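**Student:** Provided below for reference: sequence and predicted model.
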Amino acid sequence: MSREDLPVAPGVSLPEEEIVESASRSRGPGGQHVNKTETRVTLHWDAAGTRALRREQRARLLAALAGRLTREGLLVVRCDRFRSRARNRDAARERLAELVRRAIAPPTPRVGTRPTRGSVERRLRAKRDRAERKRRRRAPRDADA
């Protein structure tokens, strides 16, 4: 891991050479300063082609971030919150790390629990009520037949 790699989780870091950074003019108020400086930072990371993740991590990431990825499999993160490029760069890198961290986390297994006594009783009472309602809809049976 080089000094510039982006740490994501224990044992996982994104290599700096996989992250493409660009700067552009930011939007919003700022007077003359905003019209001449490029403080917005955009990060492009190839999520589909990365070598930083194991196969199952990459599959989880691609499924979790499917709506955020481009057709080429790039994850794009922009930040123009601050007036300084350095602060925007740090914020964009942290946002990228957080997105990847959440996406590669294995799902917590569901722990089965027993239904409560009240929920069982309510279910059985509802079944009896439905059966009774349907029984009352039937035509009366002839006593002679």
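**Tutor:** On my side now, so go ahead. From a predicted model like this one, the values you see are computed outputs, not experimental measurements. Residues are numbered from 1 along each chain as shown.
**Student:** host element of residue 45?
**Tutor:** Per DSSP states H and E, residue 45 falls inside strand 40-46.
**Student:** neighbouring contacts of the first helix or strand past that strand going along the chain?
**Tutor:** Counting by DSSP H and E, the next helix or strand C-terminal to strand 40-46 is helix 55-64. Residues outside helix 55-64 that contact it (C-beta atoms under 8 Å, 6 or more residues apart in numbering) are 12, 47-48, 50, 53, 69, 73, 100, 102-106. All C-beta spots, glycine's among them, are computed from the backbone N, C-alpha and C.
**Student:** from those residues, which two are the most distant?
**Tutor:** With distances taken as C-beta to C-beta, the most widely separated pair in the contacts of helix 55-64 is 73 and 106, at 21.5 Å.
**Student:** ok, those two, which is more surrounded?
**Tutor:** Applying other C-beta atoms under 10 Å to residue 73 and residue 106 shows that residue 73 carries more neighbours, namely 15 against 8.
**Student:** Distance-wise, check the more buried one relative to residue 117.
**Tutor:** Applying C-beta to C-beta, to the nearest Å, the value for residue 73 to residue 117 is 51 Å.
**Student:** what do you get for residue 31?
**Tutor:** Residue 31 sits 68 Å away from residue 117, taking C-beta to C-beta as the criterion.
**Student:** now the contacts of helix 55-64 in CSV, with distance to residue 24?
**Tutor:** Listed next are the contacts of helix 55-64 as CSV, based on distance: C-beta to C-beta, whole Å:
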residue, distance to residue 24
12, 29
47, 22
48, 24
50, 24
53, 28
69, 21
73, 22
100, 23
102, 27
103, 26
104, 29
105, 32
106, 36
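**Student:** Looking at these, spot the one nearest residue 87.
**Tutor:** Distance to residue 87 across the contacts of helix 55-64 (C-beta to C-beta) is lowest for residue 100, with 20.7 Å.
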